[in-house]
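[1] Using only what follows, build the 3D model:
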Amino acid sequence: MSKLDREVAIIKAEEFLESESREWKYNDVKAMREKSFQHENDLIVPYNTISYLKTGKIEDGLVGNTPIRVNLETGACDFIDIIQVLDYRDMGYPV
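    Numbers count the residues shown, from 1 in each chain. Okay, the predicted model is just below:
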């Protein structure tokens, strides 16, 4: 089985985010493609509100959201947990 390329993985993350965010109070969210990064067999894709991405104002952003993980072998998506966020930060990744 071949690995997903970055573009296909990002599209999977966007579809996952759209599906998961439908019932959120703030569902005007968008994947941050330019901040995504690969670690081992996963692509990590941060996201935030469209308003925050346009304005950069912290009050427009989400708090406590954790990035989407796309398994590059299976295409499965989930949200990483806060411990994984801290681990990625310790490794120097922008999460």
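
[2] C-alpha from now on. contacts and neighbour counts both.
    Fine.

[3] could you check the distance from the closest residue to N71 other than its chain neighbours over to I80?
    Closest residue to N71 apart from its sequence neighbours, by C-alpha to C-alpha, 6 or more residues apart in numbering: D42 at 4.6 Å. Relative to I80, D42 is positioned 11 Å away (C-alpha to C-alpha, to the nearest Å).

[4] same check, this time on F37
    13 Å.

[5] before we move on, back to that, so who does the residue nearest to N71 touch?
    By C-alpha atoms under 8 Å, 6 or more residues apart in numbering, the residues touching D42 are R69, V70, N71, L72.

[6] at 6 Å instead, please
    Each residue near D42 by C-alpha atoms under 6 Å, 6 or more residues apart in numbering is listed here: V70, N71, L72.

[7] Just to check, the first one is in contact with C77?
    Same thing as V70. Yes - under the criterion of C-alpha atoms under 6 Å, V70 makes contact with C77 at 4.6 Å.

[8] more neighbours, those two?
    Set side by side, V70 and C77 show more neighbours around V70, with 28 against 21, by other C-alpha atoms under 10 Å.

[9] In contact with the more buried one, which residues?
    D42, L43, A76, C77.

[10] again, only using 10 Å
    Going by C-alpha atoms under 10 Å, 6 or more residues apart in numbering, V70 touches 4, 6, 8-13, 16, 38, 41-45, 76-80.
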